[in-house]
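S.K.: Would you be able to build a 3D model of this:
(one chain, ligands or ions: 3)
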Amino acid sequence: MAAAATGPPQQSLSFSTVQQLQSLPHLSDYLENPKTLTNPLDHNQFFHPPDADGFYLTPSDVVLRQIVYDLSSSSDEDNTAPSHHQSYHRAGPRKQIFFDPDHVRAAIVTCGGLCPGLNTVIRELVVGLWDLYGVREIFGVKSGYRGFYSGGEPVPLNPKLVHNWHKRGGTALETSRGGFDLDKIVNAIQHRGFNQIYIIGGDGTMRGAVKIFDEIRRRKLNVGVVGIPKTVDNDIGIIDKSFGFQTAVEMAQQAINAAHVEAESAVNGIGLVKLMGRSTGHIALHATLSSRDVDCCLVPENNFYLEGKGGLFEFLQHRLKQNGHAVLVVAEGAGQDMIPRTDAQKEERDESGNLVFLDVGGWLKLELKKWWDRDHPDELFTVKYIDPTYMIRAVHANATDNLYCTLLAHSAIHGIMAGYTGFVPGPINGNYAYIPVEEVSQAKNPVNTRDHKWAWVRSVTNQPDFSTSQGL
Ligand SMILES: Nc1ncnc2c1ncn2[C@@H]1O[C@H](COP(=O)(O)OP(=O)(O)O)[C@@H](O)[C@H]1O
Ligand SMILES: O=P(O)(O)OC[C@H]1O[C@](O)(COP(=O)(O)O)[C@@H](O)[C@@H]1O
Ligand SMILES: [Mg+2]
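M.R.: Ligands and ions are numbered 1, 2, ... in the order given. This next block holds a predicted model:
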């Protein structure tokens, strides 16, 4: 029954009936009598506010996954979905720690594609471990997962060495795709005596981190594993957004601005911009919303078509007539089913097993030209195609992302020092929490084309929804 339009809500939800605390793996789950120590932050006059209540967190400090409820429909499908009932341990320092800082040998690795902020996370892990907990043995594993067992010795890291790293794009530790050999990786971890493993990477990396964590647990090793979610595409679920994403959206503005200038300066000019987004269109969507120069945004989550009523060509023809120019933003994963490809191209994968996409921008540019020559052979027409590719991710993080990276790194350190393992730190509804890495590895984050944000895109662009063949 719907709630009355005025007056207090008719139903109330109690915390215990609505929320289930997600259990978090801990070293004490499989190690017998692990030693505990008082957190050295107690004696850190710079970091620890003396006598501050609530400074140390306990297992009863939680973050709710779902904070928006419709009290009038508590029995609806929406409110009974499992994800709506979850809460997670809050990230932050614990009173008791499970590692003696003098005996910590920490390893940091970066895997997968680049993302603004990678170097900041590395820097803050090193500085945080060193300054907060007094850890002195910190190593960078070179070139992704394969670096654990090949390609030379891990690099010793210290605050002096990493001092300026947050001002550099890329990853100073280097990264790679592929090369995941579970046995060799875990053997190398044992052989080198690493007992804290910080794995920075995207969805593929997190799937690997689950396997490493499982194997470490199976071997009953006193080794903590934490995944730090990195994805410029923002394609990892549960967390609010991934670091570097905002920086990438900001960089994308330059390409959209250039496309707009080119389109405006031509007769029947179209500016076409392709942006990263393998399976999700978040960068394209956010860049579109913040630009306001975009006439149409195409994302992988929303199929589109070219010809006929309600199609892209009809829409563009209308826009050109109205404004004389148009700007199109397309995410790299959009329209892949429409691009003709050979059998070999259908099978092509990168070293990590990700499907290799064809260039949707190049294909669209050709299709646009064919359409115009066919339907308007005597009128001028120009398509300027801009593909900024790596320019949006091969930059250092902006100020907001840098702060975010710092909080992520510190959350990771506090969690692992407290004995938690097989987890990922991340913001949920603005609060940092610890999430089981297994859950993160399975959580995708597609653009929801049924929610308000997508409706907002459509209201900004007035583009067709491509779901019906209703024309303009
Ligand atoms: N299912 C998986 N199991 C184990 N390792 C994986 C898996 N998927 C990807 N990886 C490894 O994770 C690393 C990064 O994966 P990739 O997909 O390239 O980037 P990202 O982590 O940014 O998504 C690679 O070394 C890859 O071999
Ligand atoms: O670095 P590569 O191998 O050229 O891959 C490019 C891909 O990397 C990404 O930037 C990010 O992908 P990952 O987060 O999976 O590494 C995608 O948007 C893009 O498709
Ligand atoms: Mg990925």
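S.K.: what does the stretch 1-150 of the chain put close to ligand 2?
M.R.: For the stretch 1-150 of the chain, the residues in contact with ligand 2 (CB under 6 Å from any ligand atom) are Gly112, Gly113. Yep, even glycine has a C-beta here, placed from its N, CA and C like the rest.
S.K.: what ranges do the helices span in the stretch 1-150 of the chain?
M.R.: 15-18, 77-80, 118-133 (DSSP state H, counting those that start in this stretch).
S.K.: Quick one: mean pLDDT for the longest one?
M.R.: So that's helix 118-133. Across helix 118-133, the average pLDDT comes to 97.
S.K.: Would you mark the buried spots in it?
M.R.: 118-130, 132-133 (16 or more other CB atoms under 10 Å).
S.K.: Which of the residues you listed sits closest to Gln345?
M.R.: Nearest to Gln345 among these, counting by CB to CB, is Leu118 at 30.4 Å.
S.K.: check contacts around the closest one.
M.R.: Residues near Leu118 by CB atoms under 8 Å, 6 or more residues apart in numbering: Thr110, Gly170, Thr171, Thr175, Ile200, Lys230, Gly244.
S.K.: One more: Asn257?
M.R.: Ser291, Asp293.
S.K.: quick one: Ala394 and Gly169 touch, right?
M.R.: Yes - when contacts are counted by CB atoms under 8 Å, Ala394 is listed as touching Gly169 (5.0 Å).
S.K.: which residue does this structure bring closest to ligand 3?
M.R.: Per CB to the ion, Gly202 is where the chain lies closest to ligand 3, at 3.8 Å.
S.K.: correct me, but that residue touches Lys230?
M.R.: Yes - counting by CB under 8 Å, Lys230 is a contact partner of Gly202 at 5.6 Å.
S.K.: so what sits against both of those two?
M.R.: Joint contacts of Gly202 and Lys230 (CB under 8 Å, 6+ apart) are Gly112, Cys115.
S.K.: what about these two, which has more around it?
M.R.: Lys230 (31 against 24; other CB atoms under 10 Å).
S.K.: What separation do you get for the more buried one and Thr342?
M.R.: 33 Å (CB to CB, to the nearest Å).
S.K.: still on that earlier bit, tell me the pLDDT of the residue of the chain closest to ligand 3.
M.R.: Residue-level pLDDT assigned to Gly202 equals 97.
S.K.: residues touching it, list them.
M.R.: Contacts of Gly202 (CB under 8 Å, 6+ apart): Cys111, Gly112, Gly113, Cys115, Pro229, Lys230, Thr231, Asp233, Asp235, Ile236.
S.K.: Any idea how many residues pack against the closest residue in space to it that isn't next to it in sequence?
M.R.: What sits nearest to Gly202 in space, not counting adjacent residues and going by CB to CB, 6 or more residues apart in numbering, is Thr231, at 4.1 Å. Applying other CB under 10 Å, we find 26 residues neighbouring Thr231.
S.K.: what do you get for Gly311?
M.R.: 18.
S.K.: next one: Tyr390
M.R.: 14.
S.K.: The one 5 residues further on now?
M.R.: Using other CB under 10 Å, Val395 has 19 neighbouring residues.
S.K.: And the helices in the stretch 201-350 of the chain, which stretches?
M.R.: 203-218, 245-264, 282-291, 312-323, 343-347.
S.K.: The second one near ligand 1 anywhere?
M.R.: This points to helix 245-264. No - using CB under 6 Å from any ligand atom, helix 245-264 never reaches ligand 1; the gap is at least 12.9 Å.
S.K.: what's the distance between that helix and the middle of its chain?
M.R.: 21 Å (CA atoms, centre = their mean, to the nearest Å).
S.K.: What distance do you get for Tyr420 to Ala172?
M.R.: 27 Å.
S.K.: Show me which of these two is the more surrounded one.
M.R.: A direct count of neighbours by other CB under 10 Å for Tyr420 and Ala172 places Tyr420 higher, at 25 against 18.
S.K.: Below-threshold pLDDT in this protein: ranges please.
M.R.: 1-19, 48-52, 73-84, 468-472 (pLDDT under 70).
S.K.: Close to ligand 1: what parts of it are there?
M.R.: 111-113, 144-145, 177-180, 201-205, 207-208, 211, 231, 352-354.
S.K.: Would you mind checking those for buried ones?
M.R.: 111-113, 144-145, 177-180, 201-205, 207-208, 231, 352, 354.
S.K.: who's in contact with the residue lying closest to Asp61 once chain neighbours are set aside?
M.R.: Spatial nearest neighbour of Asp61, excluding adjacent residues (CB to CB, 6+ apart): Arg90 at 4.1 Å. Arg90 makes contacts with Leu57, Asp61, Val62, Val63, Asn431, Tyr432, Ala433, Tyr434, as judged by CB under 8 Å, 6+ apart.
S.K.: Spit out the contact partners of the fourth one.
M.R.: Shown in contact with Val63 (CB under 8 Å, 6+ apart): Ser87, Tyr88, His89, Arg90, Ile428, Asn429, Asn431, Tyr432, Ala433.
S.K.: how about the nearest residue to it once chain neighbours are set aside, secondary structure?
M.R.: In space, Val63 comes closest to Ala433 once its chain neighbours are excluded; the distance is 4.0 Å by CB to CB, 6+ apart. With DSSP: H, G, I helix; E, B strand; the rest coil as the basis, the three-state label of Ala433 is strand.
S.K.: okay, now Ala433: neighbour count?
M.R.: So Ala433, with other CB under 10 Å, has 28 neighbours.
S.K.: surely it meets His89?
M.R.: Yes - using CB under 8 Å, Ala433 is in contact with His89, at 6.4 Å.
S.K.: which residues do those two both contact?
M.R.: Common neighbours of Ala433 and His89 (CB under 8 Å, 6+ apart) are Val62, Val63.
S.K.: helices or strands up against the helix or strand encompassing Leu408?
M.R.: Taking DSSP states H and E as the criterion, Leu408 maps to helix 399-417. Helices and strands touching helix 399-417, by 3 or more CB pairs under 8 Å, 6 or more residues apart in numbering; DSSP states H and E, are helix 118-133, strand 196-201, strand 224-229, helix 245-264, strand 423-428, strand 431-436.
S.K.: Tell me the gap between the second one and the middle of its chain.
M.R.: If I follow you right, that is strand 196-201. 15 Å.
S.K.: is ligand 2 contacted by it?
M.R.: No - using CB under 6 Å from any ligand atom, strand 196-201 stays clear of ligand 2, coming no nearer than 7.5 Å.
S.K.: May I have the strands that pair with that strand, each with its orientation?
M.R.: strand 105-110 (parallel), strand 224-229 (parallel) (DSSP bridges).
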